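J.: Got a sequence here, can you model it:
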Amino acid sequence: MIKIDKSNQIPEILTGNKASDAQSAIDNMIQQGRQPVSGDFDNTIYNGRGVKTQLLQDQNNKCAYCEITLAGDYGAVEHYRPKTGWRENDIDTLHTPGYYWLAYEWTNLLCSCDKCNGPARKGNLFPLRNPATRDIAHQNISQEVPLIINPALEDPGQFLRFNQYMAVPVISNGIESDKGKETINTFDLNGQIPTNTTPARTDLLNERKNKWFEAKVLYDAYIKLGMNKNDAIDSVKAIYAQPAKQFSGMFVNQDRWF
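T.: Purely as a prediction, here's the structure:
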């Protein structure tokens, strides 16, 4: 996971009458005591090509969470704060409504792979450090501290780092970052947590591991050419830590080099 430099230019479809009318329709449902379901939201707005195209450009065609490459039409626009309902943890029931007023809000949209955003992983999961601060009734998120990193709004390196190809929570004063730990577990970034419906993401771990050893081959070549260790690492980082590179976060936020 790496910090995303998200565009401040909001796609036109999110600011026009169509989005405004769609949001008004949802607001009216809430006022009437009805709970909107997924089909009540207009996915041609938040999942429109202009929105997805901009997100993919901002994210260098990578999943916002696991950094897997999103080739072609693979991947979908996802709501960081879930729109229809939310769960505090894996065994929690679905609470409704969700963050319905953010359904067409640019700052709440990311592009992710289907494995990260599938029902077996993030889905409607949205845990808070203090669940009592959740105030959907007043559309107030100002007191929330989410436990899932939003890479468009915060630097993931503050909460998780890498021990070679394994993601680890940042430790401060002997305490693991709860946000780093929850993010690693939610998306199974280390390929170790199967669910009731899906296996552990060993494919993700293997791809990241292969990228790590590919970089190590280059590092070893630099060492053989007479470079000192620090210069060799800097040369590797100059290539693999570029934002457009797959798994660049592993090289940006690395704690244990070769």
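
J.: what are the ranges of the strands in the stretch 101-250 of the chain?
T.: Remark: strands assigned in the stretch 101-250 of the chain by DSSP state E, counting those that start in this stretch are 109-112, 160-163, 166-169, 171-172, 175-176.

J.: Could you work out which of the ones you listed reaches nearest to His95?
T.: strand 109-112 (21.5 Å; C-beta to C-beta). C-beta coordinates here come from the backbone N, C-alpha and C atoms, glycine included.

J.: which outside residues touch that closest one?
T.: Under the contact criterion C-beta atoms under 8 Å, 6 or more residues apart in numbering, strand 109-112 has outside partners 4, 46, 51-52, 55-56, 59, 63-66, 70, 75-80, 122, 150-152.

J.: Can you flag the buried ones in those?
T.: Buried by 16 or more other C-beta atoms under 10 Å: 4, 46, 51-52, 55-56, 59, 63-66, 70, 75-80, 122, 150-152, out of the contacts of strand 109-112.

J.: Would you quantify the distance from the residue most central in space within the chain to Ser112?
T.: Nearest to the geometric centre of the chain sits Tyr65, at 3.1 Å (C-alpha atoms, centre = their mean). From Tyr65 across to Ser112, the span is 6 Å (C-beta to C-beta, to the nearest Å).

J.: Between these two, which contacts overlap?
T.: By the contact definition C-beta under 8 Å, 6+ apart, Tyr65 and Ser112 are jointly contacted by Lys122.

J.: And the contacts of stretch 134-145?
T.: 81, 86, 97-99, 101, 128-130, 133, 179.

J.: And the residues you listed, which is closest to Asn8?
T.: Arg81 (19.6 Å).

J.: quick one: pLDDT of the residue lying closest to the closest one once chain neighbours are set aside?
T.: Excluding its sequence neighbours, the residue lying closest to Arg81 (C-beta to C-beta, 6 or more residues apart in numbering) is Tyr99, at 3.9 Å. Here the pLDDT value assigned to Tyr99 is 98.

J.: count of neighbours near Tyr99?
T.: 22 (other C-beta atoms under 10 Å).

J.: and the top helix by length along the chain, how far from the chain's centre?
T.: Using DSSP state H, we find that the single longest helix of the chain is helix 202-224. Between the centre of helix 202-224 and the centre of its chain there are 23 Å (C-alpha atoms, centre = their mean, to the nearest Å).

J.: Done for today, thanks.
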